[in-house]
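> Next comes the sequence, and after it the predicted model I'd like to discuss.
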Amino acid sequence: MADFEENYDDEGDGFRRDSFDDNYYTMLNIPRSASNNEINTAFRRASRVYHPDKYVAPDQKQKAEKMFMKVKKAHEVLSDDHTRAIYDTLGLRGLETEGWELVQRTKTPAEIREEYEQLAREREERRLQQRTNSQGSFMVGVDATDVFERYVPDDEEDLERSRLPNIEINQMSLSQSIDAPLTGKCTATVQGNLNVHNGNGNGSISTVLRQVLSDKSWGEVGLSAGNGPLLHCKGYTNFSNKSFLSMSGSLQFTANGIKPGLQTVFGRHLDKHILGYMSWKAGSPSSLSSSIVWDTEVHHISFSVCFGIPASYLVLAYSNKFSDGEGKMKVATKIGTFGAIFEYGAEKKITKHSILGATMTVGVPSGVTLKIKLHRASQTFVFPINLSENIVPSAVFYGTVIPVLCFFAVRTLLVHPWLSKIRQQRAEEAKQRHSTKLTEKRGEAEAAVALMSEAVSRIREIESQKRGLIVVQAWYGLLVTETSRQVAGKVIDVSIPLQCQVKDSKLILFEGTKACLPGFYDPAPTEEKSLHILYKFHDIMHEVTIQDTAALRIPKQSHRIQTNLD
């Protein structure tokens, strides 16, 4: 479906773009599959209502000129195959994009979309050249082993048991990087980090220059300083659609001499969902590893085998995405010469730009560790909490249950009310910001209704003579009921605009929001709307209610209002 049909919440304020933008198909009341003949017929019919030459009074003539220019523009775009293909694929924004004069008129909609994306990339590259992308991470390690493994000497048992557990911060690290695009294909990255662990600290700073060599390859060189100067280079290339190779080398200068390093990674798609890796690393440490990854929209499984110095291990991991696509659960196990660990955890999107996760790690000899991770925009905050140095059941239980209870409590009592308040504030601000546009649309609708009066009188007279279709009453807006009709500004009377669309005792409305029909406007841009019609056909009353974007064809037998005489 075309991008311009994805019209909801364009600015994150709950307003729909199509509350303000014209929909050319709806304006002419034709389907998206309409032929050129149907487009021309619809335009001629609209012209009979809005052509300025039909009116003498200056105010009516002015209103007619404005409406006629709108339907004329719709006709010009849809009757030309080239502009129609652009509009069908990309909407009004596509027609407004600079550079379309370079697009060949013979291109298909798919080729037009590709061309549009290319133009969008060029604009983005120009913007990137004037921007920097900052990313950072902050980690605080907590030692809470005194909570579950308190050491109590016999001679101090009463004293030790009366004091509170000693919880310490034993580790902290800070990392920050800045990407600065130099050209459309060249990017410079500056990164620095600081680490403190049990009173000992270190830090480093590095600069990396990456150059895109082609659509299939790139290379980078870098220099860092901290634990001695370090030079490195890296390259990546695709051999085909299924295979790629990455190679990197480094030279680190230390007081004991130069330490070289080399790493090669080869990957290949074995089928649509399976990817295999082979990796070889020389230097200190050194290793040879192989991995298989099976990835779908819901499931992710990976298996790795590594033989190396000083450690060799096996890893099996599985994750399952939530049905709403805003989180996942994961489990993993790792067994090697260093021991064994088992991990389980979950992560959940809590706001538009924030993801919160928690992972429990139980292992030998590592003990029990709870890791809490918050990713906010381009910043990551990690809090590993060491609960015990051995496997203590109480540490595993409370490390699992307490984060889950805290998550649901905070989400229910704090996050959801806060987000609801923010959405309400944004919606109110949006109403103020868009009030001018809404007023303009309302004025256009009222002008169109005034111009329809003569045509509607003629249509009703014709339909009455043959006992055809007469629109008795029609309401559009917030859920149409007897009470909601009285809500100020939420529901509008659209009897005249709908009667104007009647032809040969039939009324046909196609899919799409009705706010773009002539004589309509959106009385409730942030809310779901309906259309309610009370009509008479063959002198029998009928009634129907549909959702805003649903199609409609009347009269229908199922709409007939049953009476005691039926």
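Looks like it arrived, so ask away.
> List the residue ranges of this structure that fall below the pLDDT cut-off.
1-21, 94, 96-117, 119-132, 151-163, 431, 479-489, 564-566 (pLDDT under 70).
> what are the ranges of the helices in it?
Listed in chain order, the helices found in the chain under DSSP state H are 24-28, 36-50, 58-79, 81-96, 109-128, 145-148, 157-162, 393-410, 416-465, 495-500.
> could you dump those helices to TSV with mean neighbour count and distance to Ile350?
(Glycine included, C-beta is placed from N, CA and C.) Supplementary listing: the helices of the chain in TSV, determined by neighbours: other CB atoms under 10 Å; distance: least, CB to CB, whole Å:
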stretch	mean neighbour count	distance to Ile350
helix 24-28	23	38
helix 36-50	16	48
helix 58-79	17	43
helix 81-96	18	31
helix 109-128	14	28
helix 145-148	19	27
helix 157-162	9	39
helix 393-410	14	9
helix 416-465	15	9
helix 495-500	23	44
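> how far away is the most centrally placed residue in the chain from Val392?
Nearest to the mean C-alpha position of the chain, counting by CA atoms, centre = their mean, stands Lys352 at 8.5 Å. Distance of Lys352 to Val392, given as CB to CB, to the nearest Å: 39 Å.
> just Phe537 next, same as before
Summarising the geometry, the distance separating Phe537 from Val392, computed by CB to CB, is 78 Å.
> Could you do Val544 as well?
Relative to Val392, Val544 is positioned 67 Å away (CB to CB).
> which of the two has more neighbours?
Neighbours were counted for Val544 and for Val392 using other CB atoms under 10 Å; Val392 has more, 19 against 16.
> give the contact list for the closest residue to that one other than its chain neighbours.
Nearest-residue entry for Val392: Phe148, 4.9 Å, with adjacent residues in sequence omitted and distances by CB to CB, 6 or more residues apart in numbering. Neighbouring residues of Phe148 by CB atoms under 8 Å, 6 or more residues apart in numbering: 368, 387-388, 392, 394-395, 398.
> how about 6 Å then?
Taking CB atoms under 6 Å, 6 or more residues apart in numbering as the definition of contact, the neighbours of Phe148 are 387-388, 392, 394-395.
> Which one of these is nearest to Leu438?
Nearest to Leu438 among these: Leu387, at 56.2 Å, using CB to CB.
> How about the closest one, nearest residue that isn't a chain neighbour?
For Leu387, the nearest residue in space outside its immediate sequence neighbours is Ala395; the separation is 4.0 Å by CB to CB, 6+ apart.
> Contact partners for the one you found?
Neighbouring residues of Ala395 by CB under 6 Å, 6+ apart: 148, 368, 387-388.
> ok, how many other residues are close to Thr207?
As a burial measure, the neighbour count of Thr207 was computed by other CB under 10 Å and equals 14.
> That one and Gln191: what is the separation?
For Thr207, the distance to Gln191 (CB to CB) stands at 8 Å.
> What of Ser453?
Relative to Gln191, and taking CB to CB, Ser453 is found at 70 Å.
> mind checking how far the closest residue to Glu511 other than its chain neighbours is from Phe138?
The shortest distance from Glu511 to any residue other than its chain neighbours is 4.8 Å, reached at Ala551 (CB to CB, 6+ apart). For Ala551, the distance to Phe138 under the criterion CB to CB works out to 53 Å.
> Between those two, point out the one with more neighbours.
In terms of neighbours (other CB under 10 Å), Phe138 is the more surrounded of Ala551 and Phe138; the figures are 15 against 11.
> Chain neighbours aside, what residue packs nearest to the more buried one?
The spatially closest residue to Phe138, leaving aside those adjacent along the chain, is Phe381, at 5.1 Å (CB to CB, 6+ apart).
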